[in-house]
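**Q** 3D model of this:
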Amino acid sequence: MLADRMRDVKITVIGRVPERVDKLTVLRLNRCLEEYFNVVKFFLSFNNTSLKELHKLSYEEAKMRFSSLPTALIETAMKKAVEILKSFKKNGREDSRLKLKRISIRFDERCYDFSKSSQAEYQLSLKVDKEKRIIIPVMFGDRQKEIIEEVLKSEWKLGSMEMVKKEGKWYAHFTLKKTVTFQGMPETIIGIDIGERLLAVVVTISRTTGKILRVKIWRGSEIKKIRWQYYHDRKSLQEKKLLHKLKELKDRERRKVKEQLHIISKEIVEFAKQFPKPMIVMEELEGLRESIDYSRELNRRLHNLPYRKLQKLIEYKSLLNGIEVVYVDPNNSSRTCCKCGHINEPSNSREFRCSRCGAEYNRDVNAAANIAGKALTMIAENTYTSKHQFLSMPNP
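**A** Numbers count the residues shown, from 1 in each chain. Coordinates of the predicted model:
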């Protein structure tokens, strides 16, 4: 019998600072950003990924050098520098150099307060220097406002907050946390295979009978169409040497793809909600991009598909709807027969045919069924684990 499980759900809600903020307040915020950027670069200069060692080597000197900043901001800058350096060493090439171009200011609970004024406006109180705190209004989109109202009712807990400056405008990124409890056994296991030809193949299996209940496919045709169109548009701009327009094109492409991912992830979660006590199961895809090495054309197609982004959105929407999400090892999902368990030789065919029992399935349906089956095995053997991912709300 599965014991009750608790999951910490973390999301980021983004608010926009309106343009009506007085110039002196904006000036102090801009000065804080400039000094914070310098502090992070100072900590990076020690090239140390140990927070404890970096604190010992540099903290006292940082407090003297950057005395205009509150010590709480100096400490968050040190943590941010360690995170940046760790990420660079993990993902950067051996011959590359770390170049910090911009930064966001991280405020923890010591140097910011969030509240709702009597005029029904949301506002931030920020400690950006040694003077009196600045007060900044924040605006939210409809969906973000719903979550923020839950925060004010203590249904979510406020974590750190990042002030981000983008194209001259300021945004507040709030990290929110809530604990969700899952009780007893799931009744429906929903395996999701995410792939290149069919973006998401969903197979639902009854935990008690082991039988497949429903199969549903999301092809992702619109995303592929967007990617293909913008790939050719970029190529055309490069040929015409209009490189200054590439960033604008990239931003439009990202927004359109993101919109489609939200639509698909919402539809998948709505599909899951119709079954009794569903559990969603997906493959752990971290490291997938690094392991892909096919032809140049196929590499471009595979690396352009937003596998991990889709998984994050499915997880985020599922947990908010009280649906548990687990990840399983992707090894042999597409080669194993979901009927008899025999591991077959690799094949390029879109149809899966088992060499032992002769069962025939669509290749991706077979993989999705195996993904669900791995969770069934973990539950039966009591080796079940779950995994948390950090997720972001869409921009307001």
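**Q** can you give me the helices in the chain?
**A** Assigned by DSSP state H, the helices in the chain fall at 23-44, 51-65, 71-91, 142-152, 221-239, 246-273, 288-291, 296-304, 307-320, 363-381.
**Q** who wins for proximity to residue 209 among those?
**A** helix 363-381 (10.9 Å; C-beta to C-beta). Every C-beta, even on glycine, is put in place using the N, C-alpha and C of the backbone.
**Q** What values do phi and psi take at the nearest residue to residue 29 once chain neighbours are set aside?
**A** Of all residues not flanking residue 29 in the chain, residue 128 sits nearest, at 5.9 Å (C-beta to C-beta, 6 or more residues apart in numbering). When read as degrees, to the nearest 10, the backbone of residue 128 gives phi -100, psi -10.
**Q** Relative to residue 119, which of the helices of the chain is closest?
**A** Per C-beta to C-beta, nearest to residue 119 of those: helix 142-152, 14.9 Å.
**Q** quick revisit: residue 32 is in contact with the residue nearest to residue 29, correct?
**A** Yes: judged on C-beta atoms under 8 Å, residue 128 makes contact with residue 32 at a distance of 3.8 Å.
**Q** okay, those two: which has more neighbours?
**A** When residue 128 and residue 32 are compared for neighbours, residue 128 comes out ahead with 26 against 22, by other C-beta atoms under 10 Å.
**Q** Now do the more buried one against residue 65, distance only.
**A** Distance of residue 128 to residue 65, computed by C-beta to C-beta, to the nearest Å: 17 Å.
**Q** now residue 119
**A** To residue 65, residue 119 is 41 Å away according to C-beta to C-beta.
**Q** Which of these two has more residues huddled nearby?
**A** Taking neighbours as other C-beta under 10 Å, residue 119 and residue 65 compare with residue 65 leading, 15 against 7.
**Q** so what pLDDT did that one get?
**A** Note for residue 65: predicted pLDDT of 97.
**Q** Just give me the neighbour total for the closest residue to it other than its chain neighbours.
**A** Using C-beta to C-beta, 6+ apart and skipping the chain neighbours, the partner closest in space to residue 65 is residue 42 (6.7 Å). Around residue 42 there are 18 other residues, counting by other C-beta under 10 Å.
**Q** doesn't residue 59 make contact with residue 42?
**A** No: applying C-beta under 8 Å as the test, residue 42 and residue 59 come out as separate, 10.7 Å apart.
**Q** Identify the contacts common to these two.
**A** With contacts taken as C-beta atoms under 8 Å, 6 or more residues apart in numbering, residue 42 and residue 59 have no neighbour in common.
**Q** check contacts around residue 216.
**A** Per C-beta under 8 Å, 6+ apart, neighbours of residue 216: 201, 202, 271.
**Q** Show me what it bridges to in the sheet.
**A** On the basis of DSSP bridges, residue 216 is bridged to residue 202.
**Q** Could you report the distance from it to residue 272?
**A** When residue 216 is compared with residue 272 (using C-beta to C-beta), they lie 10 Å apart.
**Q** Please identify every residue contacting each of these two.
**A** Between them, residue 216 and residue 272 share the contacting residues residue 202, judged by C-beta under 8 Å, 6+ apart.
**Q** Pick out whichever of the contacts of residue 216 sits closest to residue 141.
**A** residue 271 (25.4 Å).
**Q** Mind pulling up the pLDDT for the nearest residue to the closest one once chain neighbours are set aside?
**A** The shortest distance from residue 271 to any non-neighbouring residue, by C-beta to C-beta, 6+ apart, is to residue 216 (5.8 Å). With respect to pLDDT, residue 216 scores 97.
**Q** Also residue 299?
**A** 47.
**Q** now swap in residue 10 and tell me
**A** Confidence score, pLDDT, at residue 10: 84.
**Q** pretty sure it contacts residue 176?
**A** Yes: using C-beta under 8 Å, residue 10 is in contact with residue 176, at 6.9 Å.
**Q** what comes up buried for stretch 316-335?
**A** Buried residues in stretch 316-335, counting neighbours by 16 or more other C-beta atoms under 10 Å, are found at 316-319, 323-328, 330, 333-335.
**Q** Output the residues you listed as JSON lines; include the columns distance to residue 132 and pLDDT.
**A** Shown next, in JSON lines, are the buried residues of stretch 316-335 (distance: C-beta to C-beta, whole Å; pLDDT from 0 to 100):
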{"residue": "316", "distance to residue 132": "38", "pLDDT": "86"}
{"residue": "317", "distance to residue 132": "41", "pLDDT": "91"}
{"residue": "318", "distance to residue 132": "44", "pLDDT": "93"}
{"residue": "319", "distance to residue 132": "40", "pLDDT": "89"}
{"residue": "323", "distance to residue 132": "46", "pLDDT": "94"}
{"residue": "324", "distance to residue 132": "47", "pLDDT": "93"}
{"residue": "325", "distance to residue 132": "45", "pLDDT": "93"}
{"residue": "326", "distance to residue 132": "49", "pLDDT": "91"}
{"residue": "327", "distance to residue 132": "48", "pLDDT": "92"}
{"residue": "328", "distance to residue 132": "53", "pLDDT": "91"}
{"residue": "330", "distance to residue 132": "54", "pLDDT": "89"}
{"residue": "333", "distance to residue 132": "59", "pLDDT": "91"}
{"residue": "334", "distance to residue 132": "61", "pLDDT": "89"}
{"residue": "335", "distance to residue 132": "65", "pLDDT": "92"}
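**Q** so which of the residues you listed would you say is closest to residue 345?
**A** Closest approach between the buried residues of stretch 316-335 and residue 345, by C-beta to C-beta: residue 335, at 7.5 Å.
**Q** sorry, back to before: list the contacts of the residue nearest to residue 65.
**A** Residue 42 neighbours (C-beta under 8 Å, 6+ apart): 58, 62, 65, 66.
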